[in-house]
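Participant: I'd like to go over a predicted model; first the sequence, then the structure.
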Amino acid sequence: MEIYLVRHAIAAERDAEAWPDDSLRPLTDRGRRRFRAAARGLRVLGAVVEVSLASPYARAWETAQIAQAEAGWPAPTPCEALAIGNPASVVRVLAEQRGRGSVGVVGHEPLLSEVLAYLLASSARAMAAEWKKGGVARVRCLDAPAEGSGALLEFLPPRVLRALAP
């Protein structure tokens, strides 16, 4: 199984007055525009997924919808573990997709870095890499996703994906 881990695109700044419920904080116009181009880059790379899982938070959900529209990913399925889970719970959800060739996952930092580290069996709690908003990591698991089962194939910042876009 190949897993595409996608950090949500650029969102509005945290502001308790404007967004008392942070889960409703949306993408910015710039974030939408930039991720549309990045998602077209994913299409050029052949990043086809059979199922798309997304945090139900507005910014991640909208990012997944853009991946659907621009990269041809399937409509996202809400995954609560991507909003409030831990790496082990996210990997359990991924293991439920065993038998699929590829899964797209759209979520938040630092959880995505923790999931990546868990899959790669890093001793670090999170990967020591700068994961830009709209960036993508591609991991291959030969069997069901589990701790230490993954191999990192790509770690792409959004600017590289945008450069590939037609």
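Facilitator: That came through, no problem. Everything quoted here is computed from the prediction, not taken from an experiment. Residues are numbered from 1 along each chain as shown.

Participant: what about the protein, any weak spots by pLDDT?
Facilitator: 122-128 (pLDDT under 70).

Participant: Go through it and flag its longest helix.
Facilitator: helix 29-45 (DSSP state H).

Participant: Tell me the buried residues in that helix?
Facilitator: 31-32, 34-43, 45 (16 or more other CB atoms under 10 Å). Quick note: C-beta positions are derived from backbone N, CA and C, even for glycine.

Participant: who touches Val48 in this structure?
Facilitator: Neighbouring residues of Val48 by CB atoms under 8 Å, 6 or more residues apart in numbering: 72-73, 102.

Participant: for Ser23, same thing?
Facilitator: Taking CB under 8 Å, 6+ apart, we find Ser23 in contact with 56-58, 83.

Participant: Among those, which one has the most neighbours?
Facilitator: The most neighbours of any of the contacts of Ser23, using other CB atoms under 10 Å, belong to Tyr57, which has 24 neighbours.

Participant: quick one: contacts for it?
Facilitator: So Tyr57 contacts 8, 22-25, 83, 108 (CB under 8 Å, 6+ apart).

Participant: thought Arg100 was touching Val51?
Facilitator: Yes - counting by CB atoms under 8 Å, Val51 is a contact partner of Arg100 at 5.9 Å.

Participant: of the two, who's got more company?
Facilitator: Of the pair Arg100 and Val51, Val51 is the one with more neighbours under other CB under 10 Å, namely 17 against 14.

Participant: picking that back up, out of the contacts of Tyr57, who's the most crowded?
Facilitator: Most surrounded of these: other CB under 10 Å gives His8, at 28 neighbours.

Participant: mind checking how far that one is from Val48?
Facilitator: Per CB to CB, to the nearest Å, His8 is found 20 Å from Val48.

Participant: Now the strand or helix carrying Phe155: buried residues?
Facilitator: In this assignment (DSSP states H and E), Phe155 forms part of strand 150-156. Of the residues in strand 150-156, 150, 155-156 count as buried by neighbour count, 16+ other CB under 10 Å.

Participant: That one packs against which elements?
Facilitator: Counting contacts by 3 or more CB pairs under 8 Å, 6 or more residues apart in numbering; DSSP states H and E, strand 150-156 packs against helix 111-120, strand 136-141.

Participant: Tell me which of these lies nearest to Leu161.
Facilitator: With CB to CB as the criterion, Leu161 lies closest to strand 136-141 of those, at 6.7 Å.

Participant: Give me the sheet partners of that closest one and which way each runs.
Facilitator: Strand 136-141 pairs in its sheet with strand 2-7 (antiparallel), strand 150-156 (antiparallel), by DSSP bridges.
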